[in-house]
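1. Structure, please.
(one chain, ligands or ions: 1)
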Amino acid sequence: MKLRLLRHAFGLVLGLALLALPLDASWQDIGPVKASPPAENQIMFHGAGTIVSLTVLAPDLVRVRMARGTAFGPDYSYAVVKTDWPVPGPAGHATSEAPQFTQTATSVTIRTLKLEVRAQLSPFRLALYDRNGGLISKDDDDLGTAWDGARVRTWKWMPEDEHYFGLGEKAGPLDKRGRSYAMWNTDAYGWDASTDPLYQSIPFYIGLRQGRAYGVFFDNTYRSSFDMGAESPDRASFGAEGGEMNYYFFYGPDPKAVLGRYTELVGRTPLPARWMLGYHQCRYSYYPENMVRFIADNFRQRHIPCDAIFFDIHYMDGYRVFTWDKSRFPDPPKLLSDLRQEGFRAVPIIDPGIKIDPNYFAYQEGVKGDDFVKMPDGKPFVGAVWPGECNFPDFTQPRVREWWGSLYKGLLADGVAGIWNDMDEPAVFRYPSKTMPPDAIFWDQGLNSPHTKIHNVYGMLMSEGTRDGLLKLHPNERPLVITRATYAGGQRYAAVWTGDNTSTWDHLRISVQELMNMGLSGLTLAGADIGGFALSSTPELYTRWLEAGIFYPYCRTHTEYGSRDQEPWSYGNRITDINRKSIELRYHLLPYLYNAFHEASETGIPVMRALLLDYPDDATAVDQNQEFLFGDDLLVAPVLKDGEITWDVYLPRGEWYDYWTDQRTTGPKHVTVSAPLDRAPIFVRSGAIVPTQQVVQYTDQAPIDPLTFEIYPQGTHSPGSGQAQSPESGQTSSRQYYEDDGISFDYQRGVSLRETVTAQEEAHGFRIEVSAREGSYTPPARSLVFKVHAVRVQPGSVETDGRPLEFQKSLEELGQASDGWAYDAEKMVVWVKVPDRGVAVTAQIKDRQ
Ligand code: MIG
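-> Numbers count the residues shown, from 1 in each chain. I've put the predicted structure just below:
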């Protein structure tokens, strides 16, 4: 009792001491600085042993750099790809676009079209305002930026109504307020919602306050940490164990604008090939060859679509990367070409460790090329991983990445279509650090930097080498590279997955918030192991997980060695039918999904979207951890608890169609919807035009035919309702449709197809227009179908380009006909079919007079 009291008192005193003294005395504040004259878009400051620069890269983007000493180190970033920001003219006498610098004895102010940056000189403190004088963000008054030995940290004011998002692969709640996080790529088998750090480091966050967003990207590869009010309720801070204080400040106020700029700076997810967006099947491990064939046959015999089968570590000869175990896989080219015949692509795993084995070609080449990471004594670092003792390539060297890329030659010749990178944190079987020692040396632009600086970019550089290697071998094929570890900007090279999750309901729930969060951090092509990796899934859990997982940007089932079977048919016939339906839905939506990825590749707006991106001023939407937008127009609210057959869904403002029933609800509203085991709640935004296609067993089994535009009319009026409406009341909605060959880079040379689809309600009917195609991609001849929802009364007639179309009594008949229309009275859907000739076409649905 006494002891406990004593401990209590001690804790209290300690707590008070911490509150009063957030910094121990060894932190040195940046102190006062003097400003130099501004030059174009930049101004420098010098203090006692410190140097600061502020650079305006765009009206809404400012780079802040601070270091000790009299000069900065070399300016090199592994993340940033855009450095040629247009400088809008010399300061002082420039166009209105140029930043305007104003200096006084105590401060410097920089004005851009979007921002006002105020730098207080003594001590140096930064504050950022919008052009109406509204404060967006500022340094903490007491603690600005400080150093403690090699450590550097910046503290920011944290208003009580500000919330934080991003930071990449973080498993906890979407809103990071009140929590702290570290960035140190970690092999975290068995992780849960509270585990931190995980496998990937994305030191970028979005601050959101009163509907207005800004972003901070702390481009520092050392172990870093972000404290969003855990240490003190009114301060947020970020810092690293070494390197410079080097961050970029993005101002929205639209969160999509923040993400757009961030991904402009560090690069976006390139458009994936269509097959990468199909369903992929993985387990640790499918072997030998007969097992792989058995899995493939089952998909086809059971008519469950699938595009790729993964080969985990057992395919290798003693875990030597770039080899096959010839007793398990005697003839890989034959197996892979047979699989390809059946529509499956093969994706093998590759780890960075190269077995120390004088008789092994990859080891021999690595030694000869002097390609391995070294220790200070000049000897290669040796770490044990799957093959036993290994050396590890120094991926910071371009020539090593090139060599690594060349190693894929054999696998590609065997017929593999993509590469799965694992263990690239880098993970080493050694305790307690489970990675390379801090003093292992990397080339790093000739700086010979320690592991502490390179650790967080190792996986990203490995994926760069992999992607470039695959591109060199197959220059006109978009490669799939998927990696477990990465850094900001890694989306340029590889897809990511969330590592070794567990087959629990908690992990299903986590996957949704975590993937939304990754989407908010530039990682568009991301997935979690569907069904869970560790342990085994129950039938219900796997079914619900797949219902959510078909909406992951990257969709793959995976499970660990020794777990129960985890294929879509592993849980009995009833569940197999449900799982087939789930996967079919993903294939049905492929044109829509592909368009969402196309948009993401051009804008950085993710495919799986946290609601806050569209509704930043709606507190309930901002706080949504369990549901998300899938592309522009679908809202998905998967069932994330066992035993539930109804589910609560929050619908933000606007009108929504229930995907399954077409029933309309106007938000903002919480609704409880029926969610039997075979169906996750999905809603469609009213006004949406959703491109879909026929279900195929793999993406290139057959060209899209028909291409269907599912039209969800807006407003309270419904075409065919018989109610006369004035033409002015007619609502119009439209969508851009994009398509290309789905596999090559020809689209970058204009071989693509773009058209605009417009749907308009008219006084006595409904009008659909598709513009003529732009671009030189021509798909094979096919039909166009318009599927207009919520048409309560059978229309009187349908015309195309002024010519009447024939009414078909059934959908089967419509299916046989080259054109015509049909009406499904039960579903209240009108189907219109016309040939897709690539020219402009209109269809007019006319009410019965
Ligand atoms: O030490 O290759 O996250 O997906 O199946 C484990 C075997 C190594 C970890 C990966 C997992 C993969 C497993 N790997």
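
2. If Val347 is in a bridge, with which residues?
-> Phe310 (DSSP bridges).

3. For burial, what's the neighbour tally of it?
-> As a burial measure, Val347 scores 22 neighbours (other Cβ atoms under 10 Å). From N, CA and C alone the C-beta is placed, and that goes for glycine too.

4. Just the pLDDT for the residue in the chain positioned nearest to the ligand.
-> For the chain, the residue closest to the ligand is Tyr284, as judged by Cβ to the nearest ligand atom, at 3.6 Å. The confidence metric pLDDT takes the value 98 at Tyr284.

5. Contacts only, for it.
-> 312-313, 533, 558-561 (Cβ atoms under 8 Å, 6 or more residues apart in numbering).

6. now do 6 Å
-> With contacts defined as Cβ atoms under 6 Å, 6 or more residues apart in numbering, the neighbours of Tyr284 are 312, 560-561.

7. again with Asp187
-> When contacts are counted by Cβ under 6 Å, 6+ apart, Asp187 is found next to 425, 427, 434.

8. What residues does the stretch 451-600 of the chain have near the ligand?
-> Taking Cβ under 6 Å from any ligand atom as the criterion, the neighbours of the ligand within the stretch 451-600 of the chain are 484, 499-500, 558.

9. Recalculate using a threshold of 8 Å.
-> Proximity of the stretch 451-600 of the chain to the ligand, by Cβ under 8 Å from any ligand atom, involves residues 484, 497, 499-500, 529, 533, 558, 560-561.

10. rewinding a little: what would the contacts of Tyr284 look like in CSV with pLDDT?
-> Conversion of these to CSV gives the following (pLDDT from 0 to 100):
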residue, pLDDT
Asp312, 98
Glu560, 98
Tyr561, 98
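
11. Quick one: buried ones out of these?
-> Burial by neighbour count, 16 or more other Cβ atoms under 10 Å: within these this picks out 312, 560.

12. all helices for this structure, in order.
-> Counting by DSSP state H, the chain has these helices, from start to end: 2-20, 255-266, 289-301, 332-341, 361-369, 398-406, 409-414, 451-473, 505-519, 539-549, 573-588, 590-603, 619-622, 811-816.

13. Which one of the contacts of Asp187 sits in the busiest neighbourhood?
-> By neighbour count, taken as other Cβ under 10 Å, the most surrounded of the contacts of Asp187 turns out to be Glu425 (28 neighbours).

14. Check what pLDDT the spatially closest residue to Ala127 that is not a sequence neighbour gets.
-> Distances taken as Cβ to Cβ, 6 or more residues apart in numbering place Lys138 nearest to Ala127, at 3.6 Å, with adjacent residues excluded. Note on Lys138: pLDDT of 98.

15. Would you check how far apart Lys138 and Gly144 are?
-> 9 Å (Cβ to Cβ, to the nearest Å).

16. How about the residues of the protein by the ligand?
-> Of all the residues in the chain, those lying near the ligand are 187, 189, 282-285, 312-313, 349, 351, 385-386, 422-423, 427, 484, 497, 499-500, 529, 533, 558, 560-561, going by Cβ under 8 Å from any ligand atom.

17. Just the buried ones out of these, please.
-> Neighbour counting over those (16+ other Cβ under 10 Å) leaves 187, 282-285, 312-313, 349, 351, 385-386, 422-423, 427, 484, 497, 499-500, 529, 533, 558, 560 as the buried ones.

18. From these, which land in strands?
-> Secondary structure from DSSP state E places 349, 385, 497 of these in strands.

19. could the contacts of Tyr284 be laid out in a markdown table, adding distance to Thr452?
-> Formatted as a markdown table, those follow (distance: Cβ to Cβ, whole Å):
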| residue | distance to Thr452 |
| --- | --- |
| Asp312 | 31 |
| Glu560 | 31 |
| Tyr561 | 32 |
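
20. out of the contacts of Tyr284, which one sits closest to His451?
-> For the contacts of Tyr284, the minimum distance to His451 (Cβ to Cβ) is 27.2 Å, reached by Asp312.

21. OK, contacts around the closest one?
-> Applying Cβ under 6 Å, 6+ apart, the residues contacting Asp312 are 284-285, 349.

22. Then Asp617?
-> Remark: with contacts taken as Cβ under 6 Å, 6+ apart, Asp617 is in contact with Gly211.

23. okay, it: pLDDT?
-> 98.

24. go on, Trp155?
-> Looking at Trp155 specifically, the model assigns a pLDDT of 98.

25. Quick check: Ala759 touching Ile768?
-> Yes: using Cβ atoms under 6 Å, Ala759 is in contact with Ile768, at 5.2 Å.

26. what about Thr732, neighbour count?
-> Around Thr732 sit 12 other residues, with neighbours defined as other Cβ under 10 Å.

27. what does Arg300 give?
-> 15.

28. Now it: closest residue in space, sequence neighbours ignored.
-> Of all residues not flanking Arg300 in the chain, Glu342 sits nearest, at 5.9 Å (Cβ to Cβ, 6+ apart).

29. quick one: the one you found and Pro479, what's the gap?
-> Relative to Pro479, Glu342 is positioned 21 Å away (criterion: Cβ to Cβ).

30. Which one of these two is surrounded by more residues?
-> Per other Cβ under 10 Å, whichever of Glu342 and Pro479 has more neighbours is Pro479, with 23 against 16.

31. could you dump the contacts of Asp312 to a markdown table with distance to Tyr659?
-> Shown next, in a markdown table, are the contacts of Asp312 (distance: Cβ to Cβ, whole Å):
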| residue | distance to Tyr659 |
| --- | --- |
| Tyr284 | 34 |
| Ser285 | 37 |
| Ile349 | 36 |
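
32. per-residue confidence at the nearest residue in space to Ser26 that is not next to it in sequence?
-> Excluding the flanking residues, the one nearest Ser26 by Cβ to Cβ, 6+ apart is Asp148, at 4.8 Å. Reading off the confidence values, Asp148 has pLDDT 97.
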